[in-house]
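In: everything below, folded, please.
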Amino acid sequence: MEKTAQAAVKPQKNNKVTGYNKWGYIFLLPFFIIFVIFQLIPLVSTIYNSFFENYRSGLTQVGPNFVGLKNYGALLTGGDFLKYFGNTMIMWILGFVPQIVISLLLAYWFTDPSLRLKGQRFFKTVIYMPNLIMAAAFAMLFFTLFADTGPINSMFMQMGLWSKPYSFMSHVGSVRGMVAFMNCLMWFGNTTILLMAGMMGIDTSLFEAAEVDGATATQIFWKVTLPLLRPILVYVMITSLIGGLQMFDVPQILTNGAGDPMRSSMTLIMWLNKHLYSKNYGMGGALSVILLIVTGVLSFIVFKFSASKEVER
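Out: This is a model prediction of the structure:
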């Protein structure tokens with residue numbers, strides 16, 4: 001009798017579990033529908049178009065004609081890809097290095113109880129505010145500030161630092177520096193919040209043990225805090241790298257889409273936008289696929305490099 005009762009109970013439990021699982025699949029269904037419509041289908045379509053010659057020449061539509069890997073070869077051998085990839089990486093590095101340094105310092109100061117900083121909520125809100133401002137507004141602001149007749153030139157001329165206006169938009173270093181500075185200003189607040197969350201999750205007993213052993217604040221930061229922050233740092237670096245490769249709005253608006261001077265601020269996404277604007281869907285699709293591959297390879301290298309460092313430790 002007992003065995004019969006147990007056998008009757010088990011199917012009921014299985015039916016309940018199956019019923020609960022059904023609701024889980026129902027709640028996941030909207031995500032899969034949105035993913036398929038807005039991500040998977042465009043991705044497959046982009047890869048498909050990358051193998052075709054499909055562009056408009058004046059009023060004449062050429063293609064679509066299957067050309068295989070011809071579009072990829074034209075992009076990689078023309079020289080422009082390496083130039084624009086170099087521009088993108090230079091401006092990303094110039095913005096990311098000060099961003100991560102400032103964010104680490106701010107996160108450490110805000111989470112160190114011994115400093116007892118006043119008004120922390122106010123300062124946390126202020127440093128995050130630039131992240132809420134549109135990049136287009138930032139670019140227009142800097143374009144106005146650093147114009148030949150803008151307030152920056154006027155101020156320095158009145159101070160006697162130079163006799164005539166300095167054309168910021170005509171020099172490679174100044175344009176790249178402005179793009180990097182704007183990206184740093186927009187994203188260092190978000191990075192600070194992430195690093196603060198990581199530091200606050202570290203067990204305080206580790207810091208207390210290090211202090212008992214006679215470690216200084218600097219030694220604790222380098223030997224305890226940074227190693228334990230490695231997963232957050234890897235996440236920040238990979239997401240920042242992906243965002244850097246997708247850099248578009250700031251240099252596009254700042255240089256009016258030209259990438260001046262001498263295309264030194266032209267990024268890969270700006271180049272992709274030119275292909276799409278001219279309705280060259282074959283080259284645009286090929287460049288999109290190459291960008292996807294480059295992003296995946298660089299992210300994998302960053303992840304493996306950080307993982308190997310962690311194993312060595």
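In: show me where pLDDT drops low in the stretch 51-200 of the chain?
Out: In the prediction, the stretch 51-200 of the chain carries no residues with pLDDT under 70.
In: where exactly do the helices run in it?
Out: Assigned by DSSP state H, counting those that start in this stretch, the helices in the stretch 51-200 of the chain fall at 70-77, 80-111, 120-128, 135-145, 151-159, 172-200.
In: closest to Ile220 out of those?
Out: For the helices of the stretch 51-200 of the chain, distance to Ile220 was read as C-beta to C-beta. The smallest value, 10.0 Å, belongs to helix 80-111. In this view, the C-beta of every residue, glycine as well, is placed from N, C-alpha and C.
In: what comes up buried for the closest one?
Out: 81, 84-85, 87-92, 94-96, 99-100, 102-104, 106-108, 110-111 (16 or more other C-beta atoms under 10 Å).
In: got it, and stretch 284-302?
Out: Applying 16+ other C-beta under 10 Å to stretch 284-302 flags 284-291, 295, 298-299 as buried.
In: same question for stretch 176-188.
Out: Quick answer for stretch 176-188 (16+ other C-beta under 10 Å): 176, 178-188.
In: between the helices of the stretch 51-200 of the chain, which one is nearest to Leu226?
Out: helix 80-111 (8.2 Å).
In: for the closest one, name the packing helices and strands.
Out: Judged by 3 or more C-beta pairs under 8 Å, 6 or more residues apart in numbering; DSSP states H and E, helix 80-111 is in contact with helix 120-128, helix 172-200, helix 230-245, helix 268-277, helix 281-312.
In: ok, and the closest non-adjacent residue to the residue nearest the centre of the chain?
Out: With distances taken as C-alpha atoms, centre = their mean, Gly243 lies nearest the centre of the chain, 2.1 Å away. Leaving aside its sequence neighbours, Gly243 sits nearest to Trp187 (C-beta to C-beta, 6 or more residues apart in numbering; 7.5 Å).
In: quick one: residues contacting that neighbour.
Out: Counting by C-beta atoms under 8 Å, 6 or more residues apart in numbering, Trp187 makes contact with 95, 99, 131, 240, 243.
In: that one and Asn131, how far apart?
Out: As defined by C-beta to C-beta, to the nearest Å, Trp187 lies at a distance of 6 Å from Asn131.
In: kindly report the same for Val175.
Out: For Val175, the distance to Asn131 - C-beta to C-beta - is 23 Å.
In: what does Asn256 give?
Out: For Asn256 relative to Asn131 (C-beta to C-beta), the value is 25 Å.
In: between those two, tell me which one has more neighbours.
Out: Asn131 (15 against 11; other C-beta atoms under 10 Å).
In: I'd guessed the more buried one sits against Asn190; true?
Out: Yes - contact criterion C-beta atoms under 8 Å: Asn131 and Asn190 qualify, at 4.9 Å.
In: picking that back up, next, format the helices and strands packed on helix 80-111 as a markdown table and append distance to Lys22.
Out: Putting the helices and strands packed on helix 80-111 into a markdown table (distance: least, C-beta to C-beta, whole Å) gives the following:
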| stretch | distance to Lys22 |
| --- | --- |
| helix 120-128 | 41 |
| helix 172-200 | 35 |
| helix 230-245 | 34 |
| helix 268-277 | 42 |
| helix 281-312 | 35 |
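In: what's the closest of those helices to Thr216?
Out: That would be, of the helices and strands packed on helix 80-111 and by C-beta to C-beta, helix 172-200, which comes in at 17.6 Å.
In: I'd like the next helix or strand past the closest one.
Out: Using DSSP states H and E, the next helix or strand after helix 172-200 towards the C-terminus is helix 204-212.
In: mind giving me the packing neighbours of that next one?
Out: Where contact means 3+ C-beta pairs under 8 Å, 6+ apart, helix 204-212 is packed against helix 217-220.
In: next, the buried residues of the helix it packs on.
Out: Neighbour-count burial for helix 217-220 flags Ile220 (criterion: 16+ other C-beta under 10 Å).
In: got a list of contacts for that helix?
Out: Residues outside helix 217-220 that contact it (C-beta under 8 Å, 6+ apart) are 207, 210-211.
In: quick one: mean pLDDT over it.
Out: The pLDDT scores in helix 217-220 average 84.
In: and the next helix or strand past that helix?
Out: Remark: after helix 217-220, the chain's next helix or strand is helix 226-228, criterion DSSP H and E.
In: need the residues that contact that next one.
Out: Against helix 226-228 from outside (C-beta under 8 Å, 6+ apart): 198, 202, 206, 233, 313.
In: turn these into JSON lines, including neighbour count.
Out: What follows is the contacts of helix 226-228, written out as JSON lines (neighbours: other C-beta atoms under 10 Å):
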{"residue": "Gly198", "neighbour count": "20"}
{"residue": "Ile202", "neighbour count": "14"}
{"residue": "Leu206", "neighbour count": "13"}
{"residue": "Leu233", "neighbour count": "18"}
{"residue": "Arg313", "neighbour count": "7"}
